[in-house]
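Asker: With the sequence up front, the predicted model follows.
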Amino acid sequence: MLNQVQTIEKSTVKKTMRRILPFILVLYVVAFLDRVNMGYAALEMNADLALTSEAFGLLSGLFFISYFIFEVPSNLIMHKVGARLWISRIMISWGIVVILTGFIQSATHLYILRFLLGAAEAGFVPGIVLYLTYWFRSRERGRATALFFVALPLSALIGAPLSTWIMDTISWAGLAGWRWMFIMEGIPAVILGIVVLFYLSNKPANAKWLTQTEKSWLNGELEKERALSSKLNKTSHLDMIKDSKVWKLALFNIAGFIAVNALSYWMPTIIKSLSASSTTNMQIGWLAMIPSIIAIPSILFTGWNADRTNSHKWHLGACVTIAMLGFLGCAFVSTVPLMVLMLSITSAGLYGISGTFYAYITFFFSEATAPVGIALVSTLSSLGGFVGPMIMGIFNFTQAMFIIAGFLLISLITLTTLKLIPKNKTDIIDDSVTEVPN
């Protein structure tokens, strides 16, 4: 009987990972590329639209203001109407906005479309993280979210040569290369949004690709975890909002958003500022790929090892420390090779945080509070996405590196105060039900 259960477990987990994870990875690659491709467009667009560094910093962060406003409502709608329909809507609408960006005629148009892009994409990341809780147990969630967040460095890896190649080689119909970059990179989002309608299943009960036995086993396992979670965590939205852990999680992740988005939007400009005047956009794109190459094994190893050792918190602390040291190192170098090296160290730490953190936060919410709780943490964190690019635009490079490192130090201190299991609830934990992560 035990062997039969293990066989069902193995086949179900394998099928679920193969069916869901590669597809949502592709979705997020397109999403993040469409979000940060303005960093590559800036190599030409800023001059065409007469944008100052301060204005570009504001434009880069403006996305997160509307993202902040609409993220929680978006997650609530997704929980009600289902992931298939809502994620499809998100992707089609943001793809249209990105395509329209290729036709802007002024900075005002860009301000409007960046705000609309944030509104269109709001809810995508917390929605997917919530969606993963419908399919994966806590012991697989670190690997699942890590693979999803591999999209962050992977989008840079793909986007760097792709975006700069489009800008350098395509100028059809008299449109500048940066305009074609927006148009051509917005189209896949619309196409994939349509595919989502036919590919995703909302929950295991709707999965035609699982047998009835596999569906029953998976639902049973997830129900056990939900039962334990409802004992450990708040079950009402009001109690959850009053819980200091929610605000600590958000404070921890704000620094991550500040750092990742500062890096994503400004890396091409940073490398260009240290390069020879004859360096092409394509060459800058190749150099910008190196930190992303380093980040991919970092994020995968961190998610896998956090699951294996059941120590998500310690992995997060190590990654924050590495990222902080990387930013401090960036402040003291002035050549392209050393800068790329320090950016690679920074990326290894920063991107290692992403997947593990979004697995970690799911342990703090019950089934009833997860849609709002995950979105609330992500929403508050997104304010860092507004601040990060602004810091790079307002302060000089060295000052900006120290400021971002300071935010990461605050993040590290906050992490040390987070405790998953309240002392008065340790007696209700049944190790035979599930293993509670650290």
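Answerer: Ah, there it is.
Asker: List the buried residues in the helix ranked longest in the chain.
Answerer: Among the segments of the chain that qualify as a helix by DSSP state H, the longest is helix 2-36. Neighbour-count burial for helix 2-36, counted by 16 or more other C-beta atoms under 10 Å, picks out 8, 12-13, 15-17, 19-21, 24, 27-36. All C-beta atoms are positioned from the backbone trio N, CA, C, and that covers glycine.
Asker: Repeat that for stretch 97-117.
Answerer: Of the residues in stretch 97-117, 97-102, 104, 107, 110, 112-117 count as buried by neighbour count, 16+ other C-beta under 10 Å.
Asker: first vs last residue of it, how far apart are they?
Answerer: 6 Å (C-alpha to C-alpha, to the nearest Å).
Asker: can you offset everything so residue one is 770?
Answerer: That works, and once the first residue is 770, the last one we named lands at stretch 866-886.
Asker: pLDDT on that stretch, on average?
Answerer: The pLDDT scores in stretch 866-886 average 95.
Asker: Kindly report the same for stretch 946-964.
Answerer: Rounded mean pLDDT across stretch 946-964 is 96.
Asker: Same check on stretch 792-812?
Answerer: What stretch 792-812 shows for mean pLDDT is 90.
Asker: Next: stretch 1113-1123.
Answerer: 92.
Asker: How about residues contacting it?
Answerer: By C-beta atoms under 8 Å, 6 or more residues apart in numbering, the residues outside stretch 1113-1123 that reach it are 914-915, 918, 921-922, 1025, 1028-1029, 1032, 1059-1061, 1063-1065, 1067-1068, 1070-1071, 1084-1085, 1087-1096, 1098-1099.
Asker: what about it, distance to the chain center?
Answerer: 12 Å (C-alpha atoms, centre = their mean, to the nearest Å).
Asker: Could you do stretch 1059-1079 as well?
Answerer: Chain-centre distance of stretch 1059-1079: 14 Å, with C-alpha atoms, centre = their mean.
Asker: For the host helix or strand of D1008, output the C-alpha coordinates as PDB.
Answerer: Under the criterion of DSSP states H and E, D1008 resides in helix 1006-1011. The C-alpha trace of helix 1006-1011 is given here as PDB (Å, rounded to 0.1, in the frame of the first residue of the first chain):
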ATOM      1  CA  HIS A1006      -8.700  39.300   6.800                       C
ATOM      2  CA  LEU A1007      -8.900  41.800   9.600                       C
ATOM      3  CA  ASP A1008      -6.800  39.700  12.000                       C
ATOM      4  CA  MET A1009      -4.300  39.100   9.200                       C
ATOM      5  CA  ILE A1010      -3.900  42.800   8.500                       C
ATOM      6  CA  LYS A1011      -3.300  43.400  12.200                       C
END
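Asker: show me what contacts the closest residue to T1104 other than its chain neighbours?
Answerer: What sits nearest to T1104 in space, not counting adjacent residues and going by C-beta to C-beta, 6 or more residues apart in numbering, is L1043, at 6.6 Å. Counting by C-beta under 8 Å, 6+ apart, L1043 makes contact with 1103-1105, 1108.
Asker: Make a markdown table out of those and add neighbour count and distance to A976.
Answerer: Below are the contacts of L1043 laid out as a markdown table (neighbours: other C-beta atoms under 10 Å; distance: C-beta to C-beta, whole Å):
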| residue | neighbour count | distance to A976 |
| --- | --- | --- |
| S1103 | 10 | 54 |
| T1104 | 10 | 53 |
| V1105 | 18 | 49 |
| M1108 | 22 | 47 |
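Asker: Please identify which of these is nearest to M1036.
Answerer: The shortest approach to M1036 among the contacts of L1043 belongs to M1108, at 9.6 Å (C-beta to C-beta).
Asker: That closest one contacts C1099, doesn't it?
Answerer: Yes: M1108 lies in contact with C1099 (C-beta atoms under 8 Å); the separation is 6.6 Å.
Asker: tally of neighbours for E909?
Answerer: By other C-beta atoms under 10 Å, 16 other residues sit near E909.
Asker: correct me, but it touches D1076?
Answerer: Yes: with contacts counted by C-beta under 8 Å, E909 reaches D1076, the gap being 6.7 Å.
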